[in-house]
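**Q** this is a predicted model, with the sequence first.
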Amino acid sequence: MANSIDKLLNNSQEIMEDKIEAQEVIGYTADSVIELLKKSLNIHWQQTTSLSAQAVHLDRWGYKKLAEVIKADAEEEHKHAMINLKRLEFFDVDYQPLIVSPPVWKRHDMVEMIKYNLDSVREASSAERATIVAARAVGDEITANMMIPLLQGSEDGIELYESYLKLIEQMGLDNFLSIQV
């Protein structure tokens, strides 16, 4: 994963040659970049909302360590949303309405909660990659470079939630939860 992020840091010619994620960069416009920024914003607001609620639930259930990790993740997602907002504000576009749907994870199912978070960061990663590719295709290096730390954060989130699922698989849910107290 770090290798693909390193590629994004390199010049856009390498990106065009590799056609990251088999995306064609031909046909992107400034409007495409704005729509992708809006998509990224909505994903990060959804993550902020869901993770904040999860942190409250986990803390109440007594899983203090896991609650702290999730709370920190929610704060990071809020920062990512603000980066998107600032860029959209720079373009002076209407980024409303922000549609934040209710979370689809079950409050009392730890594995489903973690899977939901994993799917969410995968979606964010995909949106951020697409935004970087589109921005570079239209010559908007500022937006592309602003999105790279967001992509790194999403990739880190993927690793985190995959590792949680692997731990649960290896040691069982009860043992996993016992070390989260």
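**A** Yep, that arrived. What you see is a predicted model; the values in this text were computed from it and never measured. Residues are numbered from 1 along each chain as shown.
**Q** ranking helices and strands of the protein by mean pLDDT, which lands last?
**A** Of all regular secondary-structure elements in the chain, judged by mean pLDDT, DSSP states H and E, the least confident is helix 12-18 with a mean of 45.
**Q** tell me the helix or strand right after that helix.
**A** Toward the C-terminus, helix 12-18 is succeeded by helix 30-61 as the next helix or strand (DSSP states H and E).
**Q** C-terminal to that next one, what's the next element?
**A** Tracing the chain past helix 30-61, the next element assigned as helix or strand by DSSP H and E is helix 64-90.
**Q** quick check: angle from that next one to helix 30-61?
**A** Using axes from the mean of the first three to the mean of the last three CA atoms, to 10 degrees, the inter-axis angle of helix 64-90 relative to helix 30-61 is 160 degrees.
**Q** show me what counts as buried in helix 64-90.
**A** 66-67, 69-71, 73-74, 76-78, 80-81, 83-85, 87-88 (16 or more other CB atoms under 10 Å). Bear in mind the C-beta positions are built from the backbone N, C-alpha and C, glycine included.
**Q** for residue 94, helix, strand, or coil?
**A** Three-state secondary structure (criterion: DSSP: H, G, I helix; E, B strand; the rest coil) places residue 94 in coil.
**Q** what pLDDT does the model give it?
**A** The pLDDT attached to residue 94 in the predicted structure is 83.
**Q** give the residue spans of the protein that score low on pLDDT.
**A** Segments of the chain classed as low confidence (criterion: pLDDT under 70) are 1-27, 97-105.
**Q** repeat that for 90
**A** Low-confidence regions of the chain, defined by pLDDT under 90, span residues 1-32, 91-108.
**Q** what's in contact with stretch 118-136?
**A** Taking CB atoms under 8 Å, 6 or more residues apart in numbering as the criterion, the residues outside stretch 118-136 that touch it are 8, 12, 15, 20-21, 23, 25, 28, 32-33, 36-37, 39-40, 43-44, 46-47, 50, 80, 141-144, 147-148, 150-151, 154-155, 157-158, 161-162, 165.
**Q** in ChimeraX, select just the buried ones from those.
**A** Burial among the contacts of stretch 118-136 is assessed by 16+ other CB under 10 Å; the matching ChimeraX selection reads:
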select :8,12,15,20,28,32,33,36,37,39,40,43,44,46,47,50,80,143,144,147,150,151,154,155,157,158,161,165
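**Q** how close does the closest residue to residue 179 other than its chain neighbours get to residue 124?
**A** Leaving aside its sequence neighbours, residue 179 sits nearest to residue 65 (CB to CB, 6 or more residues apart in numbering; 7.4 Å). Between residue 65 and residue 124 the distance, using CB to CB, to the nearest Å, works out to 24 Å.
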